[in-house]
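>>> This is a predicted model, with the sequence first.
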Amino acid sequence: MRSMQYRMFRRIVFLFGRAHVLDHFPYFSFSDTEKKIDFNEIMFDAMPKLEVGDVLMHRDGGYASNMCIGGAMIHAGLYIGNSQLVEATQHGVLRRHAGHLLQSDYACIVRPKFRIETDDELAIKTAVKWAEKIVGFEYDALFDFNGEEEREIVAALPKEEAKKEVRFCCTEIPYFCFYDHIEELKLYRRRNVTFLTKLIGLFGLHPGEKVIDADMYITGNFELVWCSKQFTPEWAEEMGCSEEYVACVKNWWKGKR
C-alpha cells in the first residue's frame, strides 16, 4: 500500500503537471491549448518514418511542470510497431497510438545505434517484449530508476504482484526496455540531488538519486531520424542544450535540406 505522503505528493504532481503558466491573471490555467505540431505533420511526415524500437520524445510549452524538469525534451516513449507505442503517463503505463505523444509543441524521433556485433533485431524484439510486460503498471512520481532490480521483479513475480513493487516514469520506459544495452547506447544516469528533492525528502519521500533525462536519448548512441518543424537548432540553443545536442539537430536539418 502506498503511503499517505506518497498519495498526496502524487496528486500534487499531476495537478501541477496539468497547469499552464500564463503571463496575466490568474497566471495559471488548466485548459488545453492548441499544439504547434500540425496533425498532417504527424501522419504524413513523422509516422511513415517510425521503425520498431524507436524512441519518441516531446515537449509541450507553457506547462508549470516544465520548470521542474531539466532539458529540452521532457517526455519519452518506445515505439512497438503497428502505430503503437508504450509510454508512462499519469494514468500509468499505456499502450496507445504514437500520435498521442507526437501531438505536441516540439517532438522528435531517435533510433538506437547498436554495436556491429549486436543482433539488432533480437535487441529490439526483446525491448518490445519488456515494454508489453509493463503495460498497466503505475506511474512513478518519484522518478526512482532501478533498472536491474525492476527487471528481476517483473520477470519473477506475477504481473499483479510486480505492480505493487515497481512503478515507471516516462523517460524510464526505453531505459528499462533496453537495459541489456545501456552501455553501448550510452544511457548514463545523472545525479538527481536538488533543493526540490531534498525538500521532498523532509516529508518522508525519497526521489531517485540518479535519473535519465529525455535529452539523453539524443546525446546517447541514438540516431535522430525526425524533428518537428518547431524543433530547430536555434530553439535547442535557446533551451540551453549542449553543443553536442545542438550539433545533432543541426546535422539533421542540414541533411533534410
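Alright, I've got the coordinates. All values derive from a computational prediction rather than experimental measurement.

>>> Secondary structure class of Thr118, three-state.
Three-state call for Thr118 (DSSP: H, G, I helix; E, B strand; the rest coil): coil.

>>> looking at this, Val225 is in a helix?
No - counting by three-state DSSP, Val225 is not part of a helix but strand.

>>> Report the buried residues of stretch 179-192.
Buried residues in stretch 179-192, counted by 16 or more other C-beta atoms under 10 Å: Tyr179, Asp180, His181, Ile182, Glu184, Leu185, Leu187, Arg189, Asn192. Backbone N, C-alpha and C define where each C-beta goes, glycine included.

>>> Show the pLDDT at the fourth one.
Looking at Ile182, its pLDDT stands at 94.

>>> correct me, but it touches Glu148?
No - at 10.0 Å, Ile182 does not count as touching Glu148 under the criterion of C-beta atoms under 8 Å.

>>> OK, contacts around the residue most central in space within the chain?
Taking C-alpha atoms, centre = their mean, the centroid of the chain lies closest to Ala76, which sits 2.3 Å from it. Listed by C-beta atoms under 8 Å, 6 or more residues apart in numbering, the contact set of Ala76 reads Val55, Leu56, Met57, Glu87, Cys170, Thr171, Ile173, Pro174, Ala214, Tyr217.

>>> which residues touch the helix or strand hosting the last one?
Just to be clear, that refers to Tyr217. Assigned by DSSP states H and E, Tyr217 falls within helix 216-219. Residues from elsewhere that reach helix 216-219 (C-beta under 8 Å, 6+ apart): 55, 57, 73, 76, 108, 110, 171, 174, 186-188, 190, 224, 242, 244-245, 248-249.

>>> Inside strands: which ones of the residues you listed?
Among these, the residues falling in strands (DSSP state E) are Val55, Met57, Ala76, Cys108, Val110, Arg190, Leu224.

>>> So for the closest residue in space to the fifth one that isn't next to it in sequence, what's the pLDDT?
In this case it means Val110. Closest residue to Val110 apart from its sequence neighbours, by C-beta to C-beta, 6 or more residues apart in numbering: Phe222 at 3.9 Å. pLDDT for Phe222: 97.

>>> Tell me what Phe222 is bridged to.
Here Phe222 sits in beta bridges with Pro112, going by DSSP bridges.

>>> Against Tyr188, how distant is it?
Separation of Phe222 from Tyr188 (C-beta to C-beta, to the nearest Å): 13 Å.

>>> repeat for Phe39
Counting by C-beta to C-beta, the gap from Phe39 to Tyr188 is 36 Å.

>>> Extract the C-alpha set from the helix holding Tyr217 and format it as CSV.
Once non-C-alpha atoms are left out, helix 216-219 reads as follows in CSV (Å, rounded to 0.1, in the frame of the first residue of the first chain):
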residue,chain,number,x,y,z
MET,A,216,20.0,11.7,-23.1
TYR,A,217,18.4,9.7,-25.9
ILE,A,218,19.7,12.4,-28.2
THR,A,219,23.2,12.7,-26.8
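
>>> I'd like the average pLDDT over it.
The average of the pLDDT scores along helix 216-219 is 94.
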